[in-house]
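*Asks:* Here you go, sequence then predicted model.
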Amino acid sequence: MTRMYDLRQKEIVNVEDGARFGFVNDLEIDPIDGRVIALIVPGPGRVLGVFGRDREYRIPWTMIDKIGDEIILVNCRTESVLVGN
C-alpha cells in the first residue's frame, strides 16, 4: 500500500521525453470507490519558474509505468497532461 505522504516524496519523470514534472502535490480520487484517478503536480511557473502557477500537470493513474523508491515513471506526452489557463 502506498500513502499520499510517500507519493509526495517521489519525483515524477516522463520516460517518453525525460521531462521532470516535479513532485506530487495532490491526488484526484474517485468519490465512489476511493481509487486514485490522477496525480496532480504544480505546472511550470510564468516568472522565473516560481510565480504565477495557474497550470498543473494532471497525470492519469493509467499512465504510470513504475513507482520506485525515489521516482515515479510515467509514459505520456507532456502537452497532453498540462491543464489550466
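*Replies:* Looks like it arrived, so ask away. Numbering: from 1, shown residues only.
*Asks:* Only C-alpha atoms from now on, for both contacts and neighbour counts.
*Replies:* Will do.
*Asks:* and the nearest residue to residue 43 once chain neighbours are set aside, what helix or strand is that in?
*Replies:* With Cα to Cα, 6 or more residues apart in numbering as the criterion, residue 43 has its nearest non-adjacent residue at 3.9 Å, and that residue is residue 56. If you go by DSSP states H and E, residue 56 is part of strand 55-60.
*Asks:* ok, that strand: who's next to it in the sheet?
*Replies:* Using DSSP bridges, strand 55-60 pairs in its sheet with strand 36-42 (antiparallel), strand 82-84 (antiparallel).
*Asks:* outside of that strand, which residues touch it?
*Replies:* Contact with strand 55-60 is made by 21, 37-44, 81-85, as judged by Cα atoms under 8 Å, 6 or more residues apart in numbering.
*Asks:* now those residues: which count as buried?
*Replies:* Buried positions within the contacts of strand 55-60, assessed by neighbour count (16 or more other Cα atoms under 10 Å), are 21, 37-44, 81-82.
*Asks:* sorry, back to before: would you format the contacts of strand 55-60 as a markdown table with pLDDT included?
*Replies:* What follows is those, written out as a markdown table (pLDDT from 0 to 100):
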| residue | pLDDT |
| --- | --- |
| 21 | 92 |
| 37 | 95 |
| 38 | 95 |
| 39 | 94 |
| 40 | 92 |
| 41 | 91 |
| 42 | 89 |
| 43 | 85 |
| 44 | 78 |
| 81 | 92 |
| 82 | 89 |
| 83 | 89 |
| 84 | 81 |
| 85 | 65 |
